[in-house]
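Peer 1: here you go, sequence then predicted model.
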Amino acid sequence: MNLENVINKLIKITDLSRKEIEEKIKAIKKDLAGLVTDEGAAYLIAKEKGIDLKKELKPRRRPITQIKDLNPKKTLVNIVGRITKIFDVNTFTRKKDKTEGRVGSFILEDKTGQVRVVLWDNKTEVIETHRIAVGDPIYIENGNLRVGRNGLEIHIGRRGKLDEPPESLKDMVPEKKDIYYIDDLKDGQRGITIHGIINWKGEIHTFERDDGETNQVLSIIIRDETGSTRCSIWGEKANRMEHFEVGDQIKMEDVSVRKNDMGELQVHANIDTVINKLKKPINIQKAVGVDFKIKELTHGSRRIKTKFKVIKKKSIRNVTSRSGEEYRIGDFLVADETGCINLTAWNEDIEKIEVGKVYELNNGYINEFRGSLSLNIGKYGDLKESDEKIEDVNLENNISNGMVQSSNIRKFIQNIEENQYTQIRGAIVKVYEKTPIYEACPECMKKVSENEEGSWQCPNCGKIDKKEDRMIFSFVLDDGTDNIRVTVAGEVAEKILDMSAKKARKIIEEEMYGEAPLEMKIPELLGKEITVTGTPKMNDFTEKIEIFASNIEEINPIEESHLILDQLD
């Protein structure tokens, strides 16, 4: 605190004038033969008056900011919470002076959300010396708020401090949780532990990454005392799930939570996740799915649980995809006392089905197939023979025939034709990692180059005054019948990536490699269900049909219903 601030404080809390204070300071310095500074003399004046000037001059604490209220416009924040995950400290070499730096981080949780806290250089000692641990309450003062690759982060620099929360702030620290219940889950949580019973287990889906390596993902549905959620298990962890079966009670440590395309919370397990069977069983009842009668099935229905009797085997056919894979598809007519519908089964599920028997289908879904509704078992469905008897069936109320007609342009990928304006629906199964922006001419959008004079040259428009960044990238869409390469550009690309070309350029410059914008978005894109509209064209090089998207939309159940209604007779 400088002398001027000290004098102003003395004027405010004593009956002394400025002149009197300055005279007293001179007198004290003279008496002490100059062994005290002006500020020291001012503190002695306060002491004579019985005033603790250090306490009076103590700076006011910046108010606490909750994680939900973090705003990138703020530069410094004070925050309090509890540590849920700590990451290892890494070393790096600075490009400017070639000195070595250190960086570490942890996840902080308060009662409103989670945020990553980043520590630099000597601040990382709290991690390296184990002075902080998962579960510890912590108070952060003067944290720098920055936008990182995964959203807002708090960086602890020279002015930043880590400490135990003062008594007055301890009520703001969330309760320590060894286990998070499913109804406690929030979007963005990381490093948490859940437990529950496996209610459903899918098959491992293997896909090829852009670097040529393969990866796997397995989906399960887990239920605890409060609810159920879908879990995606990635990489080698998916292969290790072969020892777990439906009905097993498990504990999953170090998982993260994100919203899926339907806005539902979904748990993700990765390389750091530890999955074990519970040593001590907990009282969790198996989830009871909602039973659908056939007459209640509608377009877009998902996670269906229903029972039916097989009336007729309609056809079995072999299908070869463009990639050369062969599939067997079986069509059956099934019914209950309320109505009947076509059932579509694939490969080994076909062999399970016998005419006259009753089956229970869990996690089925409804699809539009050849102009009518079809009940599908799909990859994640579970079909089992049932002991229940269905004697009276209703064959007059055929849900498949007459409920919906296919739109004029909506087609399956295996049925699309070159140069016919088409709409397809499917899931993104691969994203081609490359630099997603290029320098374009603002008039014709052609790629421009810089000439020797330092100006920009367009192959169509010639010399131009300025260029702009334009986004373009490709992915593979799969609808179960086949897959196709889709290319998106401009506003369509920005829409699906949820990122502007300008933002992508900034990320590339910050991360110093071109694939960074796509790399950070791939977890959100893989598995995303969308509709793609455009005109399929033959790629002369690959000799495969591809589609350049003129529009892309996320699946909207209401709009899908309107599409059906518009086509009703």
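Peer 2: Yep, that arrived. Numbers count the residues shown, from 1 in each chain.
Peer 1: ramachandran angles for residue 40?
Peer 2: With angles defined as degrees, to the nearest 10, residue 40 sits at phi -60, psi -40.
Peer 1: neighbours around it, how many?
Peer 2: Neighbour count of residue 40, defined by other Cβ atoms under 10 Å: 14. Placement of C-beta: from N, CA and C, glycine included.
Peer 1: before we move on, what about residue 277?
Peer 2: 12.
Peer 1: list the contacts for it?
Peer 2: 244, 248-251 (Cβ atoms under 8 Å, 6 or more residues apart in numbering).
Peer 1: then residue 75?
Peer 2: Applying Cβ under 8 Å, 6+ apart to residue 75 gives the contacts 144-145.
Peer 1: do residue 107 as well
Peer 2: Contacts for residue 107 (Cβ under 8 Å, 6+ apart) come out as 83-86, 114-117, 190-191.
Peer 1: and for residue 507?
Peer 2: 149, 499, 516-517, 520.
Peer 1: cool, and residue 163?
Peer 2: If you count contacts by Cβ under 8 Å, 6+ apart, then residue 163 has 138-139, 141 around it.
Peer 1: again with residue 162
Peer 2: 123, 126, 132, 138-140, 156.
Peer 1: neighbours around residue 513, how many?
Peer 2: Residue 513, neighbours per other Cβ under 10 Å, totals 9.
Peer 1: tell me how far it lies from residue 552.
Peer 2: For residue 513, the distance to residue 552 equals 26 Å [Cβ to Cβ, to the nearest Å].
Peer 1: also residue 455?
Peer 2: Taking Cβ to Cβ, one finds residue 455 at 35 Å from residue 552.
Peer 1: the two: which has the busier surroundings?
Peer 2: Neighbours per residue, other Cβ under 10 Å: of residue 455 and residue 552, the larger number sits with residue 552, 17 against 13.
Peer 1: where's that one, which helix or strand?
Peer 2: Assigned by DSSP states H and E, residue 552 belongs to strand 544-554.
Peer 1: that strand packs against which elements?
Peer 2: The elements that strand 544-554 packs onto, with contact taken as 3 or more Cβ pairs under 8 Å, 6 or more residues apart in numbering; DSSP states H and E, are strand 483-489, helix 490-497, strand 529-539.
Peer 1: for the record, mean pLDDT for it?
Peer 2: In this model, strand 544-554 has an average pLDDT of 86.
Peer 1: repeat for stretch 449-469
Peer 2: pLDDT averaged over stretch 449-469 gives 79.
Peer 1: which non-adjacent residue is nearest residue 170?
Peer 2: Nearest in space to residue 170, with sequence neighbours left out and distances taken as Cβ to Cβ, 6 or more residues apart in numbering, is residue 137 at 7.1 Å.
Peer 1: and that neighbour, what are its bridge partners?
Peer 2: Applying DSSP bridges to residue 137 gives these bridge partners: residue 82.
Peer 1: which helix or strand lies directly C-terminal to the strand or helix carrying residue 316?
Peer 2: Secondary structure assignment for residue 316, by DSSP H and E: strand 304-320. Downstream of strand 304-320, the first helix or strand assigned by DSSP H and E is strand 326-335.
Peer 1: what strands flank that next one, and is each parallel or antiparallel?
Peer 2: When DSSP bridges is applied, strand 326-335 pairs with strand 304-320 (antiparallel), strand 340-346 (antiparallel).
Peer 1: just give me the lowest mean pLDDT stretch among those strands.
Peer 2: Note on the strands paired with strand 326-335: strand 304-320 shows the lowest mean pLDDT, a mean of 86.
Peer 1: is it correct that residue 24 falls within a helix?
Peer 2: Yes - assessed with DSSP: H, G, I helix; E, B strand; the rest coil, residue 24 lies in a helix.
Peer 1: any idea how far residue 42 is from it?
Peer 2: Counting by Cβ to Cβ, the gap from residue 24 to residue 42 is 8 Å.
Peer 1: ditto for residue 160
Peer 2: Look at residue 160 and residue 42: by Cβ to Cβ, they are 30 Å apart.
Peer 1: cool, and residue 7?
Peer 2: Per Cβ to Cβ, residue 7 is found 6 Å from residue 42.
Peer 1: joint contacts of those two?
Peer 2: residue 21.
Peer 1: and the two? which has more neighbours close in?
Peer 2: residue 42 (24 against 19).
Peer 1: before we move on, which element is the spatially closest residue to that one that is not a sequence neighbour in?
Peer 2: Nearest in space to residue 42, with sequence neighbours left out and distances taken as Cβ to Cβ, 6+ apart, is residue 6 at 4.5 Å. Assigned by DSSP H and E, residue 6 falls within helix 3-13.
Peer 1: returning to what we had before: now tabulate the helices and strands packed on strand 544-554 in JSON lines and tack on distance to residue 463.
Peer 2: Converted to JSON lines, the helices and strands packed on strand 544-554 look like this (distance: least, Cβ to Cβ, whole Å):
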{"stretch": "strand 483-489", "distance to residue 463": "24"}
{"stretch": "helix 490-497", "distance to residue 463": "23"}
{"stretch": "strand 529-539", "distance to residue 463": "31"}
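Peer 1: so for residue 183, which of the ones you listed sits nearest?
Peer 2: Comparing the helices and strands packed on strand 544-554 by their distance to residue 183 (Cβ to Cβ), the top pick is strand 529-539, with 25.8 Å.
Peer 1: pull out the buried positions in the closest one.
Peer 2: Buried positions in strand 529-539, judged by neighbour count with 16 or more other Cβ atoms under 10 Å: 530-534, 536.
Peer 1: what's the burial count for residue 295?
Peer 2: Residues near residue 295, counting by other Cβ under 10 Å, number 15.
Peer 1: from what I can see it touches residue 396, true?
Peer 2: No - the pair residue 295 / residue 396 is not scored as a contact, 11.1 Å apart, by Cβ atoms under 8 Å.
Peer 1: quick one on the thing from earlier: what's the closest of the helices and strands packed on strand 544-554 to residue 223?
Peer 2: Evaluated over these, closeness to residue 223 peaks at strand 529-539, with 23.9 Å, by Cβ to Cβ.
Peer 1: just to revisit the earlier point, residue 478: which of the contacts of residue 277 is nearest?
Peer 2: Using Cβ to Cβ, the contacts of residue 277 come closest to residue 478 at residue 244, 26.5 Å.
Peer 1: how close does the closest one get to residue 433?
Peer 2: From residue 244 over to residue 433 (counting by Cβ to Cβ), the distance is 32 Å.
Peer 1: so where is the stretch 351-500 of the chain shaky, pLDDT-wise?
Peer 2: Within the stretch 351-500 of the chain, the ranges that satisfy pLDDT under 70 run 368-372, 379-380, 401-408, 443-444, 452, 460-461.
Peer 1: can you check the stretch 1-150 of the chain too?
Peer 2: Residue ranges of the stretch 1-150 of the chain with pLDDT under 70: 1-2, 53-61.
Peer 1: strands of that one, start to end?
Peer 2: Remark: strands assigned in the stretch 1-150 of the chain by DSSP state E, counting those that start in this stretch are 76-93, 100-109, 114-120, 137-148.
Peer 1: got these as TSV, with distance to residue 64 columns?
Peer 2: TSV is the format used below for those (distance: least, Cβ to Cβ, whole Å):
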stretch	distance to residue 64
strand 76-93	5
strand 100-109	12
strand 114-120	13
strand 137-148	9
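Peer 1: nearest approach to residue 281 belongs to which of those strands?
Peer 2: Once Cβ to Cβ is applied to these, the stretch that comes out nearest is strand 76-93, at 25.8 Å.
Peer 1: any buried residues in the closest one, and which?
Peer 2: Residues of strand 76-93 classed as buried under the neighbour-count rule (16+ other Cβ under 10 Å) are 77-87.
Peer 1: which strands and helices sit next to that strand?
Peer 2: Applying 3+ Cβ pairs under 8 Å, 6+ apart, one finds that strand 76-93 makes contact with strand 100-109, strand 114-120, helix 125-128, strand 137-148.
Peer 1: can I get it in PDB? Just the C-alpha atoms.
Peer 2: Taking Å, rounded to 0.1, in the frame of the first residue of the first chain, the C-alpha atoms of strand 76-93 are listed here in PDB:
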ATOM      1  CA  LEU A  76      -9.800 -12.600 -12.900                       C
ATOM      2  CA  VAL A  77     -12.100 -14.800 -10.800                       C
ATOM      3  CA  ASN A  78     -12.300 -16.200  -7.300                       C
ATOM      4  CA  ILE A  79     -13.900 -19.600  -7.000                       C
ATOM      5  CA  VAL A  80     -14.400 -22.400  -4.500                       C
ATOM      6  CA  GLY A  81     -15.100 -26.100  -4.900                       C
ATOM      7  CA  ARG A  82     -13.900 -29.600  -4.700                       C
ATOM      8  CA  ILE A  83     -11.300 -31.500  -6.800                       C
ATOM      9  CA  THR A  84     -12.700 -34.500  -8.700                       C
ATOM     10  CA  LYS A  85      -9.800 -35.400 -11.000                       C
ATOM     11  CA  ILE A  86      -6.100 -34.500 -11.200                       C
ATOM     12  CA  PHE A  87      -4.000 -34.900 -14.400                       C
ATOM     13  CA  ASP A  88      -0.300 -35.500 -14.600                       C
ATOM     14  CA  VAL A  89       2.200 -32.700 -14.900                       C
ATOM     15  CA  ASN A  90       3.800 -32.400 -18.300                       C
ATOM     16  CA  THR A  91       7.000 -30.600 -19.400                       C
ATOM     17  CA  PHE A  92       7.500 -28.600 -22.600                       C
ATOM     18  CA  THR A  93      10.100 -26.400 -24.200                       C
END
